[in-house]
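# sharing a model that was predicted from the sequence below.
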Amino acid sequence: MDVANAKLILEDQEIDLPIVIGSEGEKAVDISKLRAQTGHITLDSGYGNTGSCSSGITFIDGEKGILRYRGYPIEELAESCKFLDVAHLLIYGQLPKGAEKDAWVDGITRRTLIHEEMKKFFEGYPPHAHPMAILASMFTSLSTFYPDGDDTDLDIVRLIAKAPTIAAFSYKKSVGQPFVYPRNDLGYAANFLNMTFRKPTEDYVVPESVRSALNLLLILHADHEQNCSTSTVRMVGSSQANLFASMAAGVSALWGPLHGGANQKVIEMLQRIEADGGDYKKYTEMAKDRNSDFRLMGFGHRVYKNFDPRARILKKAADHVLRDLGVDDPLLDIAKNLEEIALADEYFVERKLYPNVDFYSGILYRAMGIPTEMFTVMFALGRLPGWIAQWKEMRDDPKGRIYRPRQVYVGATERHIG
Ligand code: CMC
């Protein structure tokens, strides 16, 4: 909705720029014609002030700690939904019901097998290959098995169906155990857990508290508007690269420790503190020290400046699940102490640094028996519907065009050889 104009005075020109107001009142100055009108571009390194698109998928109010998918508060979705319902909500705009829901869930359940030829790829990796690297390459490889790209909805179903199988196989590869095939009688989360934890030598029944914790974790990670990996997916997809290749790019972007890779780094940090006698105060001091490059992993967020609603839900769930499973994890106590001390410390308060989603998710994954190297893969499984939804929204936009930012060149001016 365009409601008014902003005025920009630039050298001797006065330019009217439209103001755009979103459905939740977020205001933006539309500068899309600025360069054509004035020859100037805007400069916003790290994109802290740049809206790269209009989107109807996810709303975040970072000051108030609000997160909603398609209008529904994350707390309500986390309380009462299954992950596949939330995936449908994100991608198609509504929670599925009746026949639509049956077709959605059934379509995914029946496509969880990966092509037998794909199993050979796993053999080629070294034994300790990071599962995020495997996931990214396997996503791209899916496009060699489904190259047509003429039925996007079917490709979406395939991708959501096969992602847990690929993730579980990459784990089995890393521990040298035989692959466990998917089972159609299990739900999405239970099927992944069965493929991950079942061994040929033992019976395995998916514990209900682990299944429901995984369902919760997947929902909490399902979308987060224009973050690093999602913007990457949109960027790659904007060149009309296929769905599978675009998702592989999202996996790669997510892997970094400042983004999804932080959940692995949080546990490594807590283990380091524990090994060092549990002196968490020393580590908060280190995080504040400008001469040290140590940061409190799992703290801080570009958007949330009050609290991360996902972290709040997870902190409660961690207590509950650990009690239920009878797990006594000293890392949980260190995490709580670290949070308490950081939240009262001027450095963290001034900079509005609060625990983010990755702070407690690692504790939960650990309690569920998920190995540390798989944590970011778990994040990717959850984020997949969000990436798909954002990719589809961009591709369905008739005004969509290739993403192509500008730059301010600061290198050498013209020079010549010799
Ligand atoms: N520990 C100590 N100091 C911090 C931290 C931290 N975790 N995070 C930010 N700061 C300080 C930073 O040094 C800077 O201080 P100063 O103003 O004195 O220079 C100030 O706070 C602002 O930080 P920034 O790096 O400019 O903030 P950003 O918005 O660019 O970065 C962030 C956001 C999440 C990358 C950053 O807070 C961070 O590195 N956190 C640790 C990694 C992490 O937990 N990442 C997961 C993010 S949530 C899940 C996801 O979406 O991927």
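Now that the structure is in, tell me what you want to look at.

# does residue 356 touch residue 298 like I think?
Yes - taking C-beta atoms under 8 Å as the contact criterion, residue 356 and residue 298 are neighbours in contact, 5.9 Å apart. Quick note: C-beta positions are derived from backbone N, CA and C, even for glycine.

# tell me which of those two has more neighbours.
Neighbours were tallied for residue 356 and for residue 298 using other C-beta atoms under 10 Å; the higher tally belongs to residue 298 (27 against 24).

# so who does that one touch?
Shown here is residue 298, whose contacts under the criterion C-beta atoms under 8 Å, 6 or more residues apart in numbering are 262, 263, 265, 266, 269, 355, 356, 358, 359, 360, 362.

# and if we set it to 7 Å?
For residue 298, the contact set (C-beta atoms under 7 Å, 6 or more residues apart in numbering) comprises 262, 266, 355, 356, 358, 359.

# any idea how far residue 314 is from the fourth one?
Counting by C-beta to C-beta, to the nearest Å, the gap from residue 356 to residue 314 is 10 Å.

# likewise the first one?
Distance, residue 262 to residue 314, using C-beta to C-beta: 13 Å.

# cool, the fifth one as well?
Remark: distance between residue 358 and residue 314 (C-beta to C-beta) = 9 Å.

# list the buried residues in the worst-scoring helix or strand of the chain on mean pLDDT.
Scoring the helices and strands of the chain by mean pLDDT, DSSP states H and E places strand 2-10 at the bottom, with a mean of 83. Buried residues in strand 2-10, counting neighbours by 16 or more other C-beta atoms under 10 Å, are found at residue 8.

# please apply the same query to stretch 62-70.
Along stretch 62-70, the positions that meet the burial threshold by neighbour count (16+ other C-beta under 10 Å) are 62, 65, 66, 67, 68, 69, 70.

# not counting its neighbours along the chain, what's nearest the residue of the chain found nearest the ligand?
Of all residues in the chain, residue 300 sits closest to the ligand, at 2.3 Å by C-beta to the nearest ligand atom. For residue 300, the nearest residue in space outside its immediate sequence neighbours is residue 353; the separation is 4.4 Å by C-beta to C-beta, 6 or more residues apart in numbering.

# same check, this time on residue 105
Here the nearest residue to residue 105 in space, its sequence neighbours aside, is residue 84; by C-beta to C-beta, 6+ apart that works out to 5.6 Å.

# now the residue lying farthest from the centre of the chain: how far from residue 411?
With C-alpha atoms, centre = their mean as the measure, the chain has its most outlying C-alpha, relative to the mean C-alpha position, at residue 418: 50.5 Å. Spatial separation of residue 418 from residue 411 under the definition C-beta to C-beta is 20 Å.

# now do residue 159
If you measure residue 159 against residue 411 using C-beta to C-beta, the figure is 40 Å.

# looking at these two, which is more packed in?
Comparing residue 159 with residue 411 by other C-beta under 10 Å, the one with more neighbours is residue 159, at 22 against 4.

# next, count neighbours for the closest residue in space to residue 5 that isn't next to it in sequence.
Closest residue in space to residue 5, ignoring its immediate chain neighbours: residue 16 at 4.1 Å, by C-beta to C-beta, 6+ apart. For residue 16, the neighbour count with other C-beta under 10 Å is 12.

# so which strand or helix has residue 16?
In this structure, residue 16 sits in strand 13-21 according to DSSP states H and E.

# same question, residue 223
Applying DSSP H and E, one finds residue 223 in no helix or strand.

# number of nearby residues for it?
Residue 223 is flanked by 29 other residues according to other C-beta under 10 Å.

# so what's it up against?
57, 58, 69, 90, 386, 389.

# quick check: bridge partners of the second one?
Residues found in beta-bridge contact with residue 58 (criterion: DSSP bridges) are residue 69.

# hmm, residue 288 is touching residue 348, no?
No - contact status for residue 288 versus residue 348: not in contact, 8.1 Å apart, counting by C-beta atoms under 7 Å.

# for these two, indicate the residue with more neighbours.
The residue with more neighbours, out of residue 288 and residue 348 and counting by other C-beta under 10 Å, is residue 348; that gives 20 against 17.

# wait, the more buried one sits on residue 342?
Yes - judged on C-beta under 7 Å, residue 348 makes contact with residue 342 at a distance of 4.5 Å.

# how about the secondary structure of residue 186?
At residue 186, secondary structure determined by DSSP: H, G, I helix; E, B strand; the rest coil is coil.

# and the stretch 301-418 of the chain, which residues reach the ligand?
Where proximity means C-beta under 6 Å from any ligand atom, the interface of the stretch 301-418 of the chain facing the ligand comprises 301, 302, 351, 353, 356, 357, 358.

# what subset of these is buried?
By 16+ other C-beta under 10 Å, these give 301, 353, 356, 357, 358 as buried.

# where does the protein dip in pLDDT?
1-3 (pLDDT under 70).

# what ranges do the strands span in it?
Assigned strands in the chain, in chain order: 2-10, 13-21, 27-29, 58-61, 66-69, 72-73 (criterion: DSSP state E).

# packing partners of the second one?
The elements that strand 13-21 packs onto, with contact taken as 3 or more C-beta pairs under 7 Å, 6 or more residues apart in numbering; DSSP states H and E, are strand 2-10, strand 27-29, helix 34-38.

# isn't residue 141 up against residue 118?
Yes - with contact defined as C-beta under 7 Å, residue 141 and residue 118 form a contacting pair (6.4 Å).

# circling back to that earlier point, gap between the residue nearest to residue 5 and residue 7?
Using C-beta to C-beta, which is the criterion applied here, residue 16 is 6 Å from residue 7.

# okay, now residue 125: neighbour count?
Around residue 125 there are 16 residues (other C-beta under 10 Å).

# can you tell me which residues contact it?
Shown in contact with residue 125 (C-beta under 7 Å, 6+ apart): 134, 173.
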